[in-house]
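# 3D, please:
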Amino acid sequence: MPVTRAETAKKLVSQEIKNLSQHERDIIERFINRKKVARNIEQEFTEQLTFGERLADRFAEIMGSWRFILIQSLLLAVWVILNITAFVNRWDPYPFILLNLALSFQAAYAAPIIMMSQNRQADKDRLQSKNDYEVNLKAEMEIMQLHEKFNEMRDSLWMEFVTMQQQQLDLLDKIAAEVCPPKQLATPSEPASES
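Take a look at the predicted model:
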């Protein structure tokens, strides 16, 4: 029994699927079963954040704003002016040791909190990238499937056209045979008549 083209293709596809990673096989499984691949990563990621992670993100958002920079600059200017002019009792004279301590304390806590927020953003970006890859892979498979269907339709139509053309040629031969019967050719023994 001859092996059909479709059977050969199925064998090749199953061999290629075995060479894929588990993640890629899962995507193909979802594709075959027509399951949704695209997800709302932002919503999924936000739903799983703990209170501390939300607080760190909010803290990083505030510290990374112009509002924070302007308020902090204003407070620092007031601190320095009040201590230089001695308008109020000098609680932190000129080298501003207390101010340096306060700013060092702020930096010591701000940097790790901002880093935690950035790490979470990087994790979210990786998830989004993975989701984009899955969607692109599924789209690529859909396009390949459409190409295959178009090729099948083209081959089918081509065969129909060839069959129709052959039928038309057969009909033309029948019509020609009825309208113009074949002429008998002059044999070499008969002399050609002069006109």
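# count of residues packed around Asn83?
Neighbour count of Asn83, defined by other CB atoms under 10 Å: 19. The way it works is simple: take the backbone N, C-alpha and C, and place the C-beta from them, glycine included.
# Same check on Arg25?
Residues near Arg25, counting by other CB under 10 Å, number 13.
# Next secondary structure after the helix or strand hosting it?
Following DSSP states H and E, one finds Arg25 within helix 22-32. Downstream of helix 22-32, the first helix or strand assigned by DSSP H and E is helix 41-47.
# helices or strands next to the helix or strand following that next one in the packing?
Using DSSP H and E, the helix or strand that directly follows helix 41-47 along the chain is helix 51-63. With contacts taken as 3 or more CB pairs under 8 Å, 6 or more residues apart in numbering; DSSP states H and E, helix 51-63 sits against helix 97-179.
# The helix it packs on to helix 22-32, inter-axis angle?
Using axes from the mean of the first three to the mean of the last three CA atoms, to 10 degrees, the direction of helix 97-179 lies 50 degrees away from that of helix 22-32.
# relative to helix 51-63, how tilted is helix 97-179?
100 degrees.
# In this structure, where is pLDDT below threshold?
By pLDDT under 70, the weakly predicted segments of the chain are 1-3, 5-6, 9-10, 12-13, 37, 87-88, 181-195.
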